[in-house]
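J.: Below are the sequence and a predicted model for it; my questions follow.
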Amino acid sequence: MSNNKLTVVDREGSTHSLEWEPDQTLMEALRDNDLPVLASCGGTASCATCHVFLEKEVFDTVAERSEDELEVLAEAEGYQECGSRLSCQLDFSRELNGATVTLAPEE
Amino acid sequence: MSSRQPTGNGLNPIVIIGAGHSGVAVAAGLRTRGWGGDILLLEAEKETPYERPPLSKELLKAGAPDESAVLRKEKFYEDKHIDRRAGLTVDALDPAARTLQLSDGSRQGYHRLVIATGSRARSLTVPGAGLPGVQALRTRDDALELKRALVPGARVAIIGAGYIGLEVAAAASARGCEVTVLEFQDRVMSRVTSEPVSRFFEQLHERNGVRFVFGAAVTAIEGDERAERVVTADGSSYPADVVLAGIGVVPNQELAACAGLECRDGILVDGDGRTSVPDIYATGDVTRFTSSIDGASQRLECIQNAMGQADRVAADITGQDAAEPEIPWFWTVQHGVRLQTAGVRHPADEVIVRGAPADGRFSVVYLRDGRLAAVDTIAGLTDFRPARKLIVRKARIDPLLAADPGTPLADAAFAAA
């Protein structure tokens, strides 16, 4: 089983290449690769500290946001209706191989 | 890795006792901040360090996997050269010699010591509290034991109507258990929230079949082989197959106290996590410190504090700047309804309800000397983010405007803070 490759744009605009392993959420992949994702609620869709933006075409291919996730995101800094996700709620998906993920501004 | 940082090579390791959120965050933060010396992470539990919030929430649900997510994959510790030793406790600390006595009989020196031993569930002290069937919820093993007991029809008695007790009550009733919550105070979550929020959650639980007994002073657990009933001071008796004690936590400060570190219901630390003894830090649930927001002495049981303090400890050890402390925030989910709190309320605060609890969605703001001190949001986070900013600013609030849910909270703040 191979990993997904991702490009991540951090809050300063620098890009990082990383590998996302199949048993991780996107949040875990970001955090384990030293990206500044606090995940202060422990991946339970309660804070917005792992908020990321997906490109529209990728956003459309992944499972929809739960009510909980939407509620938290709707109040987050820079919320995008067709792009914002809590990375803790994104399980590994082949659809995301090669995607570019942008970290949302800090609260 | 930055070259301007002290690498720490050739020194004793930085030893971190405790691999909960805060301890693991210190270890990870030291590496992120360029610490190149040895890091030793000691942990009493044997498993890979895991997330705790899901233990009383997701994990208890019927059909949910018996795992709770790990804080970091096993491989992370290898990749970052964090030496993790599990199933080991520290028997003694000698600050003068800068050594630890470990439970395997060995001695361990340290360059810096970080105590992140967390807290444990306060134990019931009444007769019968040791019977099988009586338990607390703190570790994954606790959660799994409880989950096995939450079968349809099981009679579940919960002592204490705080976050843990109520989250378990919600999970148990959803699984078809008969749930009775025994609470000494006259309302739920009385320590952390105001009456309107308490009453809202009581009604929510009652609609879902949970029974409350307030003013209940538990005097004994009775049963032959295992717990069969809970007895209260007025002579009432509540049949129970499972008894959960959710009566708060106590800090695991004994190691520190014995070694002469200043403790007062928590290890005393400054804003950088330094204890009263040089080269020893403490972080997370085990600490007591002065709030940078309102000057109160406090012990905070929340992840936000565990992570924030960990960052400041890692920054101080590596001689770098840390982010300003965030205001503390807390959350609970019961019967699918989210209560999210920012700031720490005092019982004497002025209480202003925004919106109608009957609608199932409202906020409560807490004013102290006319300034915003805390907020509760129930099933709606609209006020949460603006409130956090206003609390940091110590903004003066117009009570009449704040009571109108149609007025954005930020517009209820007076211009000159």
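T.: Arrived safely, thanks for sending.

J.: count of neighbours near the closest residue to residue A:92 other than its chain neighbours?
T.: Excluding the flanking residues, the one nearest residue A:92 by CB to CB, 6 or more residues apart in numbering or on different chains is residue A:22, at 4.7 Å. C-beta coordinates here come from the backbone N, C-alpha and C atoms, glycine included. Counted with other CB atoms under 10 Å in any protein chain shown, the neighbours of residue A:22 add up to 12.

J.: Tell me the secondary structure of the residue in the stretch 301-417 of chain B positioned nearest to chain A, please.
T.: Closest residue of the stretch 301-417 of chain B to chain A, CB to the nearest CB: residue B:381 (4.5 Å). Here residue B:381 is recorded as coil under DSSP: H, G, I helix; E, B strand; the rest coil.

J.: was I right about it contacting residue B:339?
T.: No: using CB atoms under 8 Å, residue B:381 is not in contact with residue B:339, being 10.7 Å away.

J.: which residues in chain A form helices?
T.: Listed from the start of the chain, chain A has helices (DSSP state H) covering A:26-32, A:56-59, A:67-74.

J.: weakest of the ones you listed by average pLDDT?
T.: Lowest mean pLDDT within the helices of chain A: helix A:67-74, a mean of 89.

J.: how about it: buried residues?
T.: Buried residues in helix A:67-74, counted by 16 or more other CB atoms under 10 Å in any protein chain shown: A:68, A:69, A:70, A:71, A:72, A:73.

J.: neighbours around residue 20, how many?
T.: Chain wasn't specified; assuming chain A. What residue A:20 shows, counting by other CB under 10 Å, is a neighbour count of 24.

J.: try again with chain B
T.: 25.

J.: how near is it to residue B:71?
T.: Here the criterion is CB to CB, to the nearest Å. By it, residue B:20 lies 8 Å from residue B:71.

J.: Tell me the residues that contact both of those two, please.
T.: residue B:49 (CB atoms under 8 Å, 6 or more residues apart in numbering or on different chains).

J.: quick revisit: can you pull the pLDDT of the residue of the stretch 301-417 of chain B closest to chain A?
T.: At residue B:381, pLDDT is 86.

J.: What of the one 4 residues further on?
T.: In the prediction, the pLDDT value recorded for residue B:385 is 86.

J.: residue contacts, the residue of the stretch 1-150 of chain B found nearest chain A?
T.: Closest to chain A within the stretch 1-150 of chain B is residue B:51: 4.2 Å, counting by CB to the nearest CB. With contact set as CB under 8 Å, 6+ apart, residue B:51 has these partners: A:42, A:43, A:44, B:21, B:68, B:69, B:70, B:71.

J.: quick one: residue B:28 and residue B:80 touch, right?
T.: Yes: in this structure, residue B:28 is within contact of residue B:80 by CB under 8 Å, at 7.0 Å.

J.: quick one, which of the two is more surrounded?
T.: residue B:28 (24 against 16).

J.: nearest spatial neighbour of the residue minimising distance to the centre of chain B, skipping sequence neighbours?
T.: Central residue of chain B (CA atoms, centre = their mean): residue B:301, 3.2 Å from the mean position. Of all residues beyond its chain neighbours, the one nearest residue B:301 is residue B:285 (5.2 Å), with distances taken as CB to CB, 6+ apart.

J.: isn't the one you found right next to residue B:119, touching?
T.: Yes: contact between residue B:285 and residue B:119 holds when scored by CB under 8 Å: they sit 4.2 Å apart.

J.: Look up the residues that both of the two are in contact with.
T.: B:249, B:251, B:301.

J.: Take those residues and lay them out in a markdown table including secondary structure and pLDDT.
T.: Output for the shared contacts of residue B:285 and residue B:119, formatted as a markdown table (DSSP: H, G, I helix; E, B strand; the rest coil; pLDDT from 0 to 100):
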| residue | secondary structure | pLDDT |
| --- | --- | --- |
| B:249 | strand | 95 |
| B:251 | strand | 98 |
| B:301 | coil | 92 |
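
J.: In contact with residue B:300, which residues?
T.: Residue B:300 touches B:285, B:328, B:344, counting by CB under 8 Å, 6+ apart.

J.: want to throw those residues into JSON lines with secondary structure and pLDDT?
T.: Output for those, formatted as JSON lines (three-state DSSP; pLDDT from 0 to 100):
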{"residue": "B:285", "secondary structure": "helix", "pLDDT": "97"}
{"residue": "B:328", "secondary structure": "coil", "pLDDT": "90"}
{"residue": "B:344", "secondary structure": "coil", "pLDDT": "93"}
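
J.: Are we agreed that residue B:78 is in a helix?
T.: Yes: counting by three-state DSSP, residue B:78 is located in a helix.

J.: count of neighbours near it?
T.: Neighbours of residue B:78 (other CB under 10 Å): 11.
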